[in-house]
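> I would like the atomic coordinates for the input below:
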Amino acid sequence: MNTIEPTLIKKKELAKRLSVSTRSIDTWVGKRMIPYIQITPRFYLYDFEAVLVAIRKHYQVDAAQG
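Numbering: from 1, shown residues only. Presented below is the predicted three-dimensional model:
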């Protein structure tokens, strides 16, 4: 079976890729707007592609718009 494993990244890297602050990431996690994997109470990992999908869905961004 050919399954592609998601690439998991840390909060700082996610914030850098999205050009937002780490505080924005914390807010989105708190509001459950983006998917995450909680490793410990203070350590989360994120699948970048899944986060993009969630943000586009939440803000209703169509692929044709940009």
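
> what about the spatially most central residue of the chain, distance to residue 10?
Centroid-nearest residue in the chain, with C-alpha atoms, centre = their mean: residue 51, separated by 3.0 Å. Residue 51 sits 12 Å away from residue 10, going by C-beta to C-beta, to the nearest Å. The way it works is simple: take the backbone N, C-alpha and C, and place the C-beta from them, glycine included.

> rewinding a little: chain center to the helix or strand in which the residue nearest to the centre of the chain is found, what's the gap?
Following DSSP states H and E, one finds residue 51 within helix 48-58. How far helix 48-58 lies from its chain's middle: 6 Å, per C-alpha atoms, centre = their mean, to the nearest Å.

> can you list the residues that contact it?
6, 7, 9, 14, 17, 18, 33, 34, 35, 61, 63 (C-beta atoms under 8 Å, 6 or more residues apart in numbering).

> with adjacent residues omitted, what lies nearest to the second one?
Think residue 7. Spatial nearest neighbour of residue 7, excluding adjacent residues (C-beta to C-beta, 6 or more residues apart in numbering): residue 48 at 6.6 Å.

> ok, that neighbour - how many residues close by?
15 (other C-beta atoms under 10 Å).

> how far away is it from residue 41?
On the measure of C-beta to C-beta, residue 48 and residue 41 end up 23 Å apart.

> leaving out chain neighbours, which residue sits closest to residue 10?
The nearest residue in space to residue 10 (C-beta to C-beta, 6+ apart) is residue 45, at 6.6 Å.
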